[in-house]
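Peer 1: predicted model follows, preceded by the sequence.
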Amino acid sequence: MESIKIDYSRQKNQGGPTYNTMNNGAHPTPYSDGTLAIHIMYADSPILKDIEISNVYGSGICIWKCTDAIIQNVTTYNVSANQVLSADGKNESVDHFGYSIWSGASANTKISIVKHLIIVYIAVIQN
């Protein structure tokens, strides 16, 4: 995938820290954890280059059980869903996630030239 721009600013519920600011309750629509802008699973040598992702309540790029993935020149703006609060104000972070780039159980993932604006998280998990 190359030269892709994803802007999720029209998502009905952009999330927020409290029940009142979210209008629909503590879970955003359309999914309780937000969205996954790009989700690649079980691919051999996927390449993501020159990607721009913005206004995503959820995760920008998720790589799961891939080999030799290359993620290069990615810009994310306002991509995260971490630390969402429940209706009663208690932390529900175990029930929610939001990463700019997430790579799990993927051997030899290479990530380079990543620009993050606002609050973002990067997680790389190897088995």
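Peer 2: It's in. Numbering: from 1, shown residues only.
Peer 1: what about the closest residue to residue 53 other than its chain neighbours, neighbour count?
Peer 2: Counting by CB to CB, 6 or more residues apart in numbering, residue 60 is the residue found nearest to residue 53 once chain neighbours are left out, at 4.2 Å. For the C-beta atoms, the positions are set from N, CA and C on the backbone; glycine is no exception. A count of neighbours around residue 60, defined by other CB atoms under 10 Å, yields 31.
Peer 1: helix or strand: which one has residue 60?
Peer 2: strand 58-64 (DSSP states H and E).
Peer 1: elements contacting that strand?
Peer 2: strand 35-41, strand 47-56, strand 70-79, strand 101-104 (3 or more CB pairs under 8 Å, 6 or more residues apart in numbering; DSSP states H and E).
Peer 1: mind putting those into JSON lines with mean pLDDT and distance to residue 2?
Peer 2: JSON lines is the format used below for these (pLDDT from 0 to 100; distance: least, CB to CB, whole Å):
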{"stretch": "strand 35-41", "mean pLDDT": "90", "distance to residue 2": "12"}
{"stretch": "strand 47-56", "mean pLDDT": "92", "distance to residue 2": "5"}
{"stretch": "strand 70-79", "mean pLDDT": "89", "distance to residue 2": "9"}
{"stretch": "strand 101-104", "mean pLDDT": "87", "distance to residue 2": "16"}
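Peer 1: wait, which of those is closest to residue 7?
Peer 2: strand 47-56 (4.9 Å; CB to CB).
Peer 1: list the buried residues for that closest one?
Peer 2: 48, 51-56 (16 or more other CB atoms under 10 Å).
Peer 1: sorry, back to before: looking at the helices and strands packed on strand 58-64, which is closest to residue 1?
Peer 2: Comparing the helices and strands packed on strand 58-64 by their distance to residue 1 (CB to CB), the top pick is strand 47-56, with 5.0 Å.
Peer 1: and the angle from that closest one to strand 35-41?
Peer 2: Using axes from the mean of the first three to the mean of the last three CA atoms, to 10 degrees, the interaxial angle of strand 47-56 with respect to strand 35-41 works out to 160 degrees.
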